[in-house]
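Novice: Give me coordinates for this.
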Amino acid sequence: MLSLAEFQRRIESGEVSADAAIAQSVEAIDAQEATIGAFVRRAKSPRAQTAGPLRGIAVGIKDIIDTADMPTEMGSAIYQGWQPRADAAVVTALKAAGATIAGKTTTTGFASMDPTATRNPRNPGHTPGGSSSGSAAAVAAGMIPLALGTQTGGSVIRPASFCGVAAIKPSFGLLPMVGIKCYSWTLDTLGLFAAGVNDLAHGLSAITGRAELLSGNATAPRIGIVMQDFAGAPESAGEEALRTASRAAERAGAQVRALALPEIVGEAWRAHPTLQEFEAHRALAWEFRVHHDAMPPLLRAKLDETKDLQPAAWDEARRTTNRARKALAAVFDDVDVLLTFSAPGAAPKGLSSTGDPRFNRLWTLMGVPCVNVPAIVANGGLPVGVQVIARFGNDAGALAAARFVEEALKRT
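Specialist: Below is the predicted model of the structure:
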């Protein structure tokens, strides 16, 4: 994989030019794209900018995020060839930081469930996950050092686990969702994919202008191991990943203990689908009414199934969510971070499913920062990750603890 931080170091030292760094990504895309299928559209003759912390860094943009110079088609025939007039706010921020947009990466239809044709670079017979399929696969295949995704249930952390890359779903609202197709305004969150945790920190810092994301304390954290029993049992590979990561962290000096979550948190997990689908009906109301038969089939079936959700159910889901967020905040009085499953196990075989988000959706609902750290390689060369979760707003702490776990696993 291509390291963003290493590119930055080499460009700053003069070892490589920004143009040469972009050319390296273009060559990698040329070599891999026919096999992986991570992009729906590539930029014409991408060139490096002359200034900014991300000069020389080629970035993939999930194709629900608006770009003024490339269509945004949202994984749906309904928007085929649709050209936004302006860049999304996050794309503008990337360009202001010096980044070069390499192209638009594949997304499931409207960032929901209908799979793309993108293949997992670790094993092409298995899904790369979704909905940010192309972004995860492009970074994992070594095409680009940074890519944008979004998460409403588990669409950043899960594909990162399946493809074996680092990823962060930051605190809700840290990155602007302006200019991005909405599915659920309470849940939708931008995220980043990169080769390692340090690369994530450098990318997120450059986009947000927050230097503190680079200087998080990497001392041994207090870690609470969370099994999420309300979400069902993981597969053996998921169990092994969490066990391996927790033992590695403990050997490296972290204080590690099992932690039970308050009951209201499990109730919030059960409320997530109600909140998500009620809002999806409003966010996609025009498409559902005017282009019902052209909607991606799995999404259409889900919307058909949930069309009678009432406002009272949404109100109650929001009340439950607010109580759970307060209860979860108190949990972080006793630990620095939580450590839990990024996915039930390794990437499922075939391309008919993007995998199960049941171990991700609670943390999206809680709005807290989550970082995927690859932990093991299971049968078939398939990676399995764990996620490090911090208090809302403590993105620097989440990155620092994830870096600690990442380094501990490398020593193992």
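Novice: domain ranges for the chain?
Specialist: 4-214, 222-264+319-411 (automatic domain parsing).
Novice: So which of those domains is nearest residue 304?
Specialist: Taking CB to CB, domain 4-214 is the member of the domains of the chain nearest to residue 304, at 13.1 Å. Every residue, glycine included, has its C-beta placed from N, CA and C.
Novice: coming back round to it: most packed of the domains of the chain?
Specialist: Ranked by average neighbour count under the criterion mean count of other CB atoms under 10 Å, those are headed by domain 4-214 at a mean of 23.
Novice: What ranges does the stretch 51-200 of the chain have for its helices?
Specialist: 89-96, 133-140, 157-163, 197-208 (DSSP state H, counting those that start in this stretch).
Novice: what would the ones you listed look like in CSV with distance to residue 242?
Specialist: Listed next are the helices of the stretch 51-200 of the chain as CSV, based on distance: least, CB to CB, whole Å:
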stretch, distance to residue 242
helix 89-96, 31
helix 133-140, 20
helix 157-163, 11
helix 197-208, 17
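Novice: Next, format those as CSV and append mean pLDDT.
Specialist: Shown next, in CSV, are these (pLDDT from 0 to 100):
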stretch, mean pLDDT
helix 89-96, 98
helix 133-140, 98
helix 157-163, 98
helix 197-208, 98
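Novice: Flag the shaky bits of the stretch 101-250 of the chain, pLDDT-wise.
Specialist: Within the stretch 101-250 of the chain, the segments meeting pLDDT under 70 span 216-218.
Novice: where along it do the strands fall?
Specialist: Along the stretch 101-250 of the chain, counting by DSSP state E, counting those that start in this stretch, strands occupy 146-151, 166-169, 189-194, 222-225.
Novice: mind giving me CSV with the ones you listed and columns for distance to residue 18?
Specialist: Listed next are these as CSV, based on distance: least, CB to CB, whole Å:
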stretch, distance to residue 18
strand 146-151, 14
strand 166-169, 23
strand 189-194, 18
strand 222-225, 39
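Novice: so which of those strands comes closest to residue 370?
Specialist: Across the strands of the stretch 101-250 of the chain, closest to residue 370 is strand 166-169 (CB to CB), at 4.6 Å.
Novice: helices or strands next to the closest one in the packing?
Specialist: helix 157-163, strand 189-194, helix 197-208, strand 370-378, helix 395-411 (3 or more CB pairs under 8 Å, 6 or more residues apart in numbering; DSSP states H and E).
Novice: if we go to 6 Å?
Specialist: Here strand 166-169 touches strand 189-194, helix 197-208, strand 370-378, going by 3 or more CB pairs under 6 Å, 6 or more residues apart in numbering; DSSP states H and E.
Novice: Quick one: distance of it to the chain centre.
Specialist: 5 Å (CA atoms, centre = their mean, to the nearest Å).
Novice: Convert the C-alpha atoms of it to CSV, please.
Specialist: Output of strand 166-169 as CSV, limited to C-alpha atoms (Å, rounded to 0.1, in the frame of the first residue of the first chain):
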residue,chain,number,x,y,z
ALA,A,166,-6.8,1.6,8.3
ALA,A,167,-9.9,3.8,8.4
ILE,A,168,-11.5,6.3,10.6
LYS,A,169,-15.1,7.3,11.0
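Novice: I'd like to check what contacts that strand. Which residues are they?
Specialist: 151, 156-157, 160, 189, 191-194, 196-197, 200, 370-372 (CB atoms under 6 Å, 6 or more residues apart in numbering).
Novice: mind checking how far residue 237 is from residue 341?
Specialist: Look at residue 237 and residue 341: by CB to CB, to the nearest Å, they are 10 Å apart.
Novice: same deal with residue 23?
Specialist: 39 Å.
Novice: quick one on the thing from earlier: so which of the contacts of strand 166-169 comes closest to residue 273?
Specialist: Nearest to residue 273 out of these is residue 151 (CB to CB; 15.1 Å).
Novice: Quick check: bridge partners of that closest one?
Specialist: Counting by DSSP bridges, residue 151 is bridged to residue 189.
Novice: contacting residues around it?
Specialist: Here residue 151 is in contact with 169, 189, 191, 364 (CB under 6 Å, 6+ apart).
Novice: Mind telling me the two of those residues farthest from one another?
Specialist: Once CB to CB is applied, the contacts of residue 151 give 191 and 364 as the farthest pair, at 9.9 Å.
Novice: Find the centremost residue of the chain, please.
Specialist: The residue lying closest to the centre of the chain (CA atoms, centre = their mean) is residue 156, at 1.9 Å.
Novice: unless I'm mixing things up, that one is touching residue 193, no?
Specialist: No: Residue 156 lies out of contact with residue 193 (CB atoms under 6 Å); the separation is 7.3 Å.
Novice: Please identify which helix or strand holds residue 19.
Specialist: helix 18-36 (DSSP states H and E).
Novice: need the next SSE after that helix, C-terminal direction.
Specialist: Taking DSSP H and E as the definition, the helix or strand right after helix 18-36 is strand 39-42.
Novice: Please name every helix or strand in contact with that next one.
Specialist: Going by 3+ CB pairs under 6 Å, 6+ apart, strand 39-42 lies up against strand 100-105.
Novice: For the strand it packs on, which strands pair with it and how are they oriented?
Specialist: By DSSP bridges, strand 100-105 pairs with strand 39-42 (antiparallel), strand 58-62 (parallel).
Novice: hang on, the earlier thing: send over the helix holding residue 19 as PDB, restricted to the C-alpha atoms.
Specialist: What follows is helix 18-36, C-alpha atoms only, in PDB (Å, rounded to 0.1, in the frame of the first residue of the first chain):
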ATOM      1  CA  ALA A  18       4.800  15.900  -6.100                       C
ATOM      2  CA  ASP A  19       4.300  15.200  -9.800                       C
ATOM      3  CA  ALA A  20       6.200  12.000  -9.500                       C
ATOM      4  CA  ALA A  21       4.100  10.900  -6.500                       C
ATOM      5  CA  ILE A  22       0.900  11.500  -8.500                       C
ATOM      6  CA  ALA A  23       2.400   9.600 -11.500                       C
ATOM      7  CA  GLN A  24       3.100   6.700  -9.200                       C
ATOM      8  CA  SER A  25      -0.600   6.500  -8.200                       C
ATOM      9  CA  VAL A  26      -1.700   6.800 -11.900                       C
ATOM     10  CA  GLU A  27       0.600   3.900 -12.800                       C
ATOM     11  CA  ALA A  28      -0.700   1.800 -10.000                       C
ATOM     12  CA  ILE A  29      -4.300   2.500 -11.000                       C
ATOM     13  CA  ASP A  30      -3.400   1.600 -14.600                       C
ATOM     14  CA  ALA A  31      -1.900  -1.700 -13.400                       C
ATOM     15  CA  GLN A  32      -4.700  -2.700 -11.000                       C
ATOM     16  CA  GLU A  33      -8.000  -1.200 -12.100                       C
ATOM     17  CA  ALA A  34      -9.000  -3.800 -14.700                       C
ATOM     18  CA  THR A  35      -8.800  -6.500 -12.000                       C
ATOM     19  CA  ILE A  36     -10.200  -4.600  -9.000                       C
END
